[in-house]
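Asks: Could you work out the structure for the sequence below:
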Amino acid sequence: MAGDFFDVALRQRGCREYLPEQVPDRDLERMVEAATHAPSAENSQPWEFIVVRDACVRGVLAAEARRTWEEGRGKVDATLGSGILRDVDQFVARGFGGATTLVVLGVDVCRVHERLAGCSVYPAAQNLMLAAAAMGYGSILTLFPAPSAILGLPSTVMTCGIVPVGRPLRAMGRPRREPAATKMHRDRYGSPWADSAPTPAAQ
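Replies: Predicted structure coming up:
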């Protein structure tokens, strides 16, 4: 089982192009079940998952994403490469890459302070995306806004992002990652992990 977990965790990556297929209810329920087993602040479990399939509602969310991206694109030009910018341009233009299922991440601020919303809902989002990958679906975490009115949200539920889910349009390889050891420090920052392993006698 450990091998299965690491296989999924090491191949899960963001998907920006989807086939126009519906995700069955049962598969979505399994994803959300995995999401609700993530840790949350004080075990408050404040998350609410609004699964959006309705074409009109998806259209409103897509239009809001386009507006937000057009307004903010220039601010990220210097930090993102041209390839990523082009991919996001197409993802936004196609309405979340053509995904027919959007999972809006909500947090009930009656159950947890707003300052703790992110550390409660984003682990749940990662669990959801890992579950999606395990079942052969693609997904990606986006921070585009979701208007409360179109979703019928009460004032006590804030949104923290949107996760499109669906079958990838094309096969996705493993994500490119720098070696983990290059991001690890032994005891203090700057002490290389790989070159400073303690001797057996010192362990």
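Asks: hey, let's count contacts and neighbours off CA atoms from now on
Replies: OK.
Asks: residues near residue 179, how many?
Replies: Neighbour count of residue 179, defined by other Cα atoms under 10 Å: 8.
Asks: residues contacting the closest residue to residue 159 other than its chain neighbours?
Replies: Nearest non-adjacent residue to residue 159, counting by Cα to Cα, 6 or more residues apart in numbering: residue 106, 4.3 Å away. For residue 106, the contacting residues are 47, 48, 49, 50, 121, 157, 158, 159, 160, 161, by Cα atoms under 8 Å, 6 or more residues apart in numbering.
Asks: In JSON lines: these, plus neighbour count, distance to residue 150 and secondary structure.
Replies: Putting these into JSON lines (neighbours: other Cα atoms under 10 Å; distance: Cα to Cα, whole Å; DSSP: H, G, I helix; E, B strand; the rest coil) gives the following:
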{"residue": "47", "neighbour count": "26", "distance to residue 150": "19", "secondary structure": "strand"}
{"residue": "48", "neighbour count": "18", "distance to residue 150": "16", "secondary structure": "strand"}
{"residue": "49", "neighbour count": "18", "distance to residue 150": "15", "secondary structure": "strand"}
{"residue": "50", "neighbour count": "15", "distance to residue 150": "11", "secondary structure": "strand"}
{"residue": "121", "neighbour count": "28", "distance to residue 150": "21", "secondary structure": "helix"}
{"residue": "157", "neighbour count": "19", "distance to residue 150": "13", "secondary structure": "strand"}
{"residue": "158", "neighbour count": "21", "distance to residue 150": "13", "secondary structure": "strand"}
{"residue": "159", "neighbour count": "23", "distance to residue 150": "12", "secondary structure": "strand"}
{"residue": "160", "neighbour count": "20", "distance to residue 150": "15", "secondary structure": "strand"}
{"residue": "161", "neighbour count": "19", "distance to residue 150": "15", "secondary structure": "strand"}
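Asks: circling back to that earlier point, which pLDDT value belongs to the residue nearest to residue 159?
Replies: Reported pLDDT at residue 106 in the predicted model: 97.
Asks: A strand includes it, no?
Replies: Yes: with the criterion set as DSSP: H, G, I helix; E, B strand; the rest coil, the secondary structure at residue 106 is a strand.
Asks: Any regions of this protein where pLDDT drops low?
Replies: 1-3, 77-78, 195-203 (pLDDT under 70).
Asks: Tell me where this protein has strands.
Replies: Here the chain has its strands, by DSSP state E, at 47-52, 101-108, 138-139, 157-166.
Asks: got a list of what the residue nearest the centre of the chain touches?
Replies: Nearest residue to the geometric centre of the chain (Cα atoms, centre = their mean): residue 141, 2.5 Å. Taking Cα under 8 Å, 6+ apart, we find residue 141 in contact with 14, 125, 161, 162, 163, 164.
Asks: The fourth one: how many residues sit nearby?
Replies: What it means is residue 162. The number of residues packed around residue 162, counting by other Cα under 10 Å, is 26.
Asks: List the contacts of it.
Replies: For residue 162, the residues meeting the contact criterion (Cα under 8 Å, 6+ apart) are 102, 103, 104, 105, 141, 142, 143, 144, 145, 146.
Asks: if we go to 6 Å?
Replies: Counting by Cα atoms under 6 Å, 6 or more residues apart in numbering, residue 162 touches 103, 104, 105, 142.
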